[in-house]
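Engineer: pasting the structure only:
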């Protein structure tokens, strides 16, 4: 089974108010709408002016972006399992980058396919983030663990093939109450991270701490919340004052992971527009975890398009008044994993699946796909050997394309969790 990021998204945005009262309603949605109809429905919330501007600026580029894979006729809503089994490994374009905004891709040690995908499709990415490090409390001090995961040979090969920057992820596991309240510990944390980047010749890091701080209650305390933001800013400034190992004319880069809001109204523990403004000069990109909307207790889509759009509006404001310089730093999270949920019985169950798991299910059960126009995702049902009913939500070319086009309309980048869990032909869209 795939391992997923810990995210609070499963609790977010009052599913039942958005039409997800039960999985049955999802299953009953009509699947006969074609691409144009879906686009019209999906983008009805985007002002007409924005659409007009987009068409003028990007229409030719979109056609070029999709032409190679569109010629196969497989980017559509009425897909079938046999097409996926036949086509999934036939990625036709590994040299041309179609998406003009930043593309951050995560790689995890527990899905080693991601290391190969990063090499093969290196030109598709601007940033690569291997999930290697944890900053932890140790006695009265701190320790940065994870160097044993680092693969210098892989990094050298990546750099020989392309220009994607290498920014390992660091998860801040240290007890926040102690670290944030003690200046020496904050300085030690920054020193450990910057020193590791220098010694290992990284281009910077991706930091994940917001979800940990929320779990510890740090973000409910106004003073600690300010200290937390100040620490992130100080770390970013420290990295920006350090030269890149590959080009001393450029500084190291800093990406920060943030979760989506838990409700339609921002709470103190949510990362909001004021936080974005405070950190914008110290952070090069905000990796937004717009996935994990559903879970085994509340089965459903991975990342409904309406929820994604609402999340972006809460963070960036109206699409008419977006600061393009800030928007470009926001990286819309796109999942390359899926979920296989148990939907019969009282207990629920199931969880994340990789592309390998997904293909095995297609081969065994030969399911019929349904397109849910509300979420913009495909799903299928099957019964296992114990006659227990399952619902499977896994990305398809059509669902990924919708999210890429939405991100393009907002003028934002994307972050992919994670490339070892996807299918090869997904990369043709990037």
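Structural biologist: In hand now; what should we look at? As the structure is a prediction and not an experimental result, all values here were calculated from the model.
Engineer: Now do the host helix or strand of residue 195: which elements does it pack against?
Structural biologist: In this assignment (DSSP states H and E), residue 195 forms part of helix 183-200. Judged by 3 or more Cβ pairs under 8 Å, 6 or more residues apart in numbering; DSSP states H and E, helix 183-200 is in contact with strand 127-138, strand 141-145, helix 176-181, strand 204-208, helix 222-240. The C-beta positions use only the backbone N, C-alpha and C, and glycine is treated the same way.
Engineer: Using JSON lines, lay out the ones you listed together with mean neighbour count and distance to residue 409.
Structural biologist: JSON lines is the format used below for these (neighbours: other Cβ atoms under 10 Å; distance: least, Cβ to Cβ, whole Å):
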{"stretch": "strand 127-138", "mean neighbour count": "22", "distance to residue 409": "22"}
{"stretch": "strand 141-145", "mean neighbour count": "16", "distance to residue 409": "39"}
{"stretch": "helix 176-181", "mean neighbour count": "18", "distance to residue 409": "36"}
{"stretch": "strand 204-208", "mean neighbour count": "26", "distance to residue 409": "25"}
{"stretch": "helix 222-240", "mean neighbour count": "18", "distance to residue 409": "28"}
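Engineer: how much space between the nearest residue to residue 91 once chain neighbours are set aside and residue 88?
Structural biologist: Nearest residue to residue 91, sequence neighbours excluded (Cβ to Cβ, 6 or more residues apart in numbering): residue 424, at 4.3 Å. As for residue 424, its distance to residue 88 is 6 Å (criterion: Cβ to Cβ, to the nearest Å).
Engineer: The residue nearest to residue 91 reaches residue 94, doesn't it?
Structural biologist: No. Using Cβ atoms under 8 Å, residue 424 makes no contact with residue 94, being 9.3 Å away.
Engineer: Between the two, tell me which one has more neighbours.
Structural biologist: Taking neighbours as other Cβ atoms under 10 Å, residue 424 and residue 94 compare with residue 424 leading, 19 against 16.
Engineer: which SS state does the residue at minimal distance from the centre of the chain fall under?
Structural biologist: With distances taken as Cα atoms, centre = their mean, the residue of the chain nearest its centroid is residue 333 (2.4 Å). The assignment at residue 333 comes out as strand when based on DSSP: H, G, I helix; E, B strand; the rest coil.
Engineer: does it have beta-bridge partners, and which?
Structural biologist: Applying DSSP bridges to residue 333 gives these bridge partners: residue 415.
Engineer: is it true that it touches residue 293?
Structural biologist: No. Using Cβ under 8 Å, residue 333 makes no contact with residue 293, being 10.8 Å away.
Engineer: got a list of what the residue lying closest to residue 416 once chain neighbours are set aside touches?
Structural biologist: Of all residues not flanking residue 416 in the chain, residue 105 sits nearest, at 4.7 Å (Cβ to Cβ, 6+ apart). For residue 105, the contact set (Cβ atoms under 8 Å, 6 or more residues apart in numbering) comprises 114, 118, 124, 125, 127, 128, 129, 415, 416, 418, 419.
Engineer: Is it possible to get these out as CSV so that each row also shows pLDDT and distance to residue 374?
Structural biologist: Formatted as CSV, those follow (pLDDT from 0 to 100; distance: Cβ to Cβ, whole Å):
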residue, pLDDT, distance to residue 374
114, 97, 31
118, 97, 34
124, 95, 30
125, 97, 31
127, 98, 32
128, 98, 33
129, 98, 31
415, 98, 24
416, 98, 23
418, 97, 26
419, 98, 27
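Engineer: Leaving out the residues flanking it, which one is nearest to residue 317?
Structural biologist: Nearest to residue 317 is residue 273, by Cβ to Cβ, 6+ apart, at 6.5 Å.
Engineer: circling back: common neighbours of residue 424 and residue 94, please.
Structural biologist: With Cβ under 8 Å, 6+ apart, residue 424 and residue 94 have no common neighbours.
Engineer: tell me the contacts of residue 341?
Structural biologist: By Cβ under 8 Å, 6+ apart, the residues touching residue 341 are 23, 294, 296, 299-300, 348-351, 390-393.
Engineer: mind redoing it with 7 Å?
Structural biologist: 296, 299, 350, 390, 391 (Cβ atoms under 7 Å, 6 or more residues apart in numbering).
Engineer: Run through the bridge partners of it.
Structural biologist: Counting by DSSP bridges, residue 341 forms beta bridges with residue 350, residue 391.
Engineer: how near is residue 147 to residue 182?
Structural biologist: Residue 147 is 25 Å from residue 182, by Cβ to Cβ.
Engineer: Endpoints of stretch 75-92, how far apart?
Structural biologist: 14 Å (Cα to Cα, to the nearest Å).
Engineer: go on, stretch 196-208?
Structural biologist: Taking Cα to Cα, stretch 196-208 runs 16 Å from one end to the other.
Engineer: Need the residues that contact that stretch.
Structural biologist: By Cβ under 7 Å, 6+ apart, the residues outside stretch 196-208 that reach it are 129, 144, 150, 165-172, 193, 235, 239, 242, 244-246, 252-257, 287.
Engineer: just to revisit the earlier point, pick out the shakiest of the helices and strands packed on helix 183-200, pLDDT-wise.
Structural biologist: Among the helices and strands packed on helix 183-200, helix 176-181 carries the lowest mean pLDDT, a mean of 92.
Engineer: tell me what that one is packed against?
Structural biologist: Applying 3 or more Cβ pairs under 7 Å, 6 or more residues apart in numbering; DSSP states H and E, we find helix 176-181 packed against helix 183-200, helix 222-240.
Engineer: Report the buried residues of the first one.
Structural biologist: Judged by neighbour count (16 or more other Cβ atoms under 10 Å), helix 183-200 contains these buried residues: 185, 186, 188, 189, 190, 192, 193, 194, 196, 197.
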